[in-house]
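Engineer: Return a 3D structure for these sequence lines:
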Amino acid sequence: MLGSFRRTALPVIALLATAENGAAGGFAIEDHSARQLGDANAGAAAAAEDASTIADNPAGIALLEKPQVSGTGIVVDTHLPFANSGSRLPTGAPLGGGNDDGGGFALLPNLFATTPVTADFSFGVGLFPSFGLATNYAYNWVGRYAALATKVTSFDLVPTAAYRLLPNLAIGASPVLRYSKIRLTNAIDFGSIGAGLGLPGAIPGGSDGAADVRGEGWSLGFNLGLIAQPIGDTRVGIAYFHNAAARVSGPARFSRSPVGDAIAAATGAFANTGASGDVPYPDRASVGVVHSLTPELDLRGGFAWTQWNSFQTEYITFGNGIQPPAVMSERWRNTVTVSLGGNYRIAPDWVLRAGLEYDQTPVPGPSNRDPRIPDASRIEAAIGASYAVNASTSIDFAYEHLFGGTVRSADISATGDQLNGSTRVSADIFALQVTYSY
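Structural biologist: Below you'll find the model as predicted:
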């Protein structure tokens, strides 16, 4: 009986192994300003165009000559329609339920402020999300035992200092204080559990309950950067973002069917309790180059490496001693991102932007892909524009479309429910930024 519960606990309390991509692979968010979004983040580590450089390369604030405040609102509209293809109950019978689209709208706020303190030293602060996830499915869809609602929110508070060592060389550093909040829900196939225990009236797929797990916590990290201008028309930036694992904890609540009540009474399992675990956020290293061909035209390129192999095997522990630790195996791999873009000043007050980016998924294959993160390698195409309202205020607009294609999932729950199908991955991303210098 306890062995049946141990196998069942895995999908029910998968508290931390999954989290929405704002645009980047996995569940990272790389978009922090409309200016950089319009370039598909090409050359972000070297751009240093406004205070949002805090998120990309803290050394960049040393290149800003005036105090500045910059805020960006980014809306992400994800499209994740799932098509079932042979999903089955543990008995081999078809798994009932319809297809669904787990995508939807998410708002990503970003706020930055910087000021020169001396001719060579600058200080700033940023508040922005570096990781996040939001997917939501109907309660009776075919993949309900894998996922219903998933929401991961993180906000980074980032004080930043930068120093210009030489006229063409600056360094910067940021301690990162991160708050993480997580909520996961999914259905529980009490019918299959009860049938395995020989309970009368237990029908696989016919006696569902649900789990609602929440957690929150704090973690510390840091971001280091360097920007150099070896020749007058070329600027190079290098940044390394260390993301410490976050320890989160919170309640695990269960709703039970009559069969679920009988299982809980007999075993002590599926009772409301606490849960805790670690979120092993990945480190990220990036390089950017900006080269001015003419005073009106520049070209940009970027390369990033993300340490997603930090997601290998995660452990979740519970306050209820009847429930043994859950073990989650993701086996994600490290990824690379490559981007190209450029800016063209068509008038004194107007700049046009465009870029392309290839972003690799950390998910190695269908058996590691579930509907919480139906992630795919993607190509992102972006356009944008900047308008100088006056000498102190500018407005930026940007739009990006994410082409993720169709990827397969072959997920097997701990109760033996097999979810087989494919997800077509795409997203539309809109950004509006206001920057004020004084």
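
Engineer: Distance check, the nearest residue to Trp305 once chain neighbours are set aside against Asp31.
Structural biologist: Once flanking residues are discounted, Trp305 sits nearest to Ala285: 4.9 Å by CB to CB, 6 or more residues apart in numbering. No exception for glycine: its C-beta is placed from N, CA and C like everyone else's. Noted for Ala285: a distance of 18 Å to Asp31, by CB to CB, to the nearest Å.

Engineer: what about the residue nearest to Trp305, how many neighbours?
Structural biologist: The local packing of Ala285 (other CB atoms under 10 Å) involves 16 other residues.

Engineer: same check, this time on Arg369
Structural biologist: 22.

Engineer: How about Ser207?
Structural biologist: 24.

Engineer: in stretch 77-88, what's buried?
Structural biologist: Thr78, His79, Leu80, Pro81, Phe82, Asn84, Ser87, Arg88 (16 or more other CB atoms under 10 Å).

Engineer: right, I mislabeled it, should have said stretch 33-48
Structural biologist: For stretch 33-48, by 16+ other CB under 10 Å, it's 33-48.

Engineer: how about the strands of the stretch 201-350 of the chain, start to end?
Structural biologist: All strands of the stretch 201-350 of the chain, identified by DSSP state E, counting those that start in this stretch, fall at 208-231, 234-242, 246-255, 273-279, 284-292, 297-306, 313-318, 326-329, 335-347, 350-359.

Engineer: whoops, the stretch 1-150 of the chain was the one
Structural biologist: 68-79, 82-84, 105-116, 121-128, 132-136, 149-166.

Engineer: possible to save these as CSV with mean pLDDT and distance to Gly92?
Structural biologist: Output for the strands of the stretch 1-150 of the chain, formatted as CSV (pLDDT from 0 to 100; distance: least, CB to CB, whole Å):
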stretch, mean pLDDT, distance to Gly92
strand 68-79, 97, 32
strand 82-84, 97, 16
strand 105-116, 96, 38
strand 121-128, 98, 48
strand 132-136, 91, 28
strand 149-166, 95, 28
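
Engineer: So which of the ones you listed is nearest Ile263?
Structural biologist: Of all the strands of the stretch 1-150 of the chain, it is strand 149-166 that lies closest to Ile263, at 23.4 Å by CB to CB.

Engineer: Which is the succeeding secondary structure element to that closest one?
Structural biologist: Counting by DSSP states H and E, the element after strand 149-166 in chain order, helix or strand, is strand 169-189.

Engineer: Buried residues, that next one. List them.
Structural biologist: Buried-residue list, strand 169-189, by 16+ other CB under 10 Å: 170-172, 174, 176, 178-189.

Engineer: centre of the chain versus it, how much separation?
Structural biologist: Once both centres are worked out by CA atoms, centre = their mean, to the nearest Å, strand 169-189 turns out to sit 9 Å from its chain's centre.

Engineer: CA atoms only for that strand - export them in PDB, please.
Structural biologist: The C-alpha coordinates for strand 169-189 follow below in PDB (Å, rounded to 0.1, in the frame of the first residue of the first chain):
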ATOM      1  CA  LEU A 169      36.900  49.800 -20.100                       C
ATOM      2  CA  ALA A 170      34.200  49.500 -17.400                       C
ATOM      3  CA  ILE A 171      33.300  46.800 -14.900                       C
ATOM      4  CA  GLY A 172      30.200  46.300 -12.900                       C
ATOM      5  CA  ALA A 173      28.600  44.000 -10.200                       C
ATOM      6  CA  SER A 174      25.200  43.300  -8.800                       C
ATOM      7  CA  PRO A 175      24.100  41.300  -5.800                       C
ATOM      8  CA  VAL A 176      20.700  39.700  -6.600                       C
ATOM      9  CA  LEU A 177      18.000  39.200  -4.000                       C
ATOM     10  CA  ARG A 178      15.300  37.000  -5.500                       C
ATOM     11  CA  TYR A 179      11.800  36.200  -4.300                       C
ATOM     12  CA  SER A 180      10.200  33.100  -5.800                       C
ATOM     13  CA  LYS A 181       6.600  32.000  -5.500                       C
ATOM     14  CA  ILE A 182       5.200  28.800  -7.000                       C
ATOM     15  CA  ARG A 183       1.700  27.200  -7.400                       C
ATOM     16  CA  LEU A 184       1.100  23.900  -9.100                       C
ATOM     17  CA  THR A 185      -2.200  22.000  -9.400                       C
ATOM     18  CA  ASN A 186      -3.000  18.700 -11.100                       C
ATOM     19  CA  ALA A 187      -5.700  16.000 -11.000                       C
ATOM     20  CA  ILE A 188      -5.100  12.700  -9.000                       C
ATOM     21  CA  ASP A 189      -6.300   9.400 -10.500                       C
END
